[in-house]
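J.: Compute the structure for the input listed below.
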Amino acid sequence: MLPVHLASASTLDEIRALESARRQPSQSQPELSQGRSAESVRAYSLPDGRQINVADYRIVLFMQASCHYCQQFDPQLIQLSTQTGFKVFPYTLDGQGDASFPDAIPAPRAVLDQFFGPGSNGVTPTTFLVNVNTLQSWPLAQGLTDMNSLLQRISQALMIK
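T.: Modelled structure (predicted):
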């Protein structure tokens, strides 16, 4: 069973403020907050037959431009996002984006503390699944992970919710 974490409302407010300050949103940098429109409703089938709306979730990625594992992982994550409809919200730990996520947001200390624990500097690449309505989060993977394993972990997280 995967541990469950809750992000604080102040963290979501901080993320929303960062996103609203951006003048030109990028395809690789979707908002963490839910913005529902007719085209954003996309079903994802779980192994037990239930379907969820991917617009209710984001994959939160912690990456670094200087991380060679991120350079391998991030393009695969873009493909998975395109195939499944799960949008990725990328944070950078070294203040720089990479070819896959050029507009990654520098991770504030409060976000690192929330996802990795107080005082931790994080590890890259690391992914979490976050429900944008409840802020419940589930750790998915840390380090270089294949996309089939990542999909299995997403399904596991969504089936225990």
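J.: When you work out contacts or count neighbours from here on, use the C-alpha atoms and nothing else.
T.: Noted.
J.: Show me which helix runs longest in the chain.
T.: For the chain, the helix with the greatest residue count under DSSP state H is helix 68-84.
J.: what's that one packed up against?
T.: Judged by 3 or more CA pairs under 8 Å, 6 or more residues apart in numbering; DSSP states H and E, helix 68-84 is in contact with strand 87-92, helix 147-160.
J.: Next, the angle helix 68-84 makes with the last one.
T.: When you say that, I think you mean helix 147-160. Here helix 147-160 runs at 60 degrees with respect to helix 68-84, directions being taken by axes from the mean of the first three to the mean of the last three CA atoms, to 10 degrees.
J.: Now do the buried residues in helix 147-160.
T.: Of the residues in helix 147-160, those buried under the neighbour-count criterion (16 or more other CA atoms under 10 Å) are Leu150, Arg153, Ile154, Ser155, Gln156, Ala157, Leu158.
J.: roughly how far is it from the heart of the chain?
T.: From the chain centre to the centre of helix 147-160 is a distance of 13 Å (CA atoms, centre = their mean, to the nearest Å).
J.: hmm, who's touching it?
T.: Residues from elsewhere that reach helix 147-160 (CA atoms under 8 Å, 6 or more residues apart in numbering): Leu2, Leu46, Pro47, Asp48, Gln76, Leu77, Leu80, Leu129, Trp138, Leu140, Ala141.
J.: again, only this time at 7 Å
T.: Where contact means CA atoms under 7 Å, 6 or more residues apart in numbering, the residues beyond helix 147-160 that reach it are Leu2, Leu46, Leu80, Trp138, Leu140, Ala141.
J.: That one - what's its average pLDDT?
T.: When the per-residue pLDDT values of helix 147-160 are averaged, the result is 94.
J.: Is it possible to get the contacts of helix 147-160 out as CSV so that each row also shows pLDDT, secondary structure and distance to Pro90?
T.: Below are the contacts of helix 147-160 laid out as CSV (pLDDT from 0 to 100; DSSP: H, G, I helix; E, B strand; the rest coil; distance: CA to CA, whole Å):
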residue, pLDDT, secondary structure, distance to Pro90
Leu2, 39, coil, 22
Leu46, 91, coil, 24
Leu80, 96, helix, 14
Trp138, 96, strand, 16
Leu140, 97, strand, 14
Ala141, 96, strand, 14
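J.: Now a ChimeraX select for only the buried ones of those.
T.: To isolate the buried ones among those in ChimeraX, judged by 16+ other CA under 10 Å, type:
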select :80,138,140,141
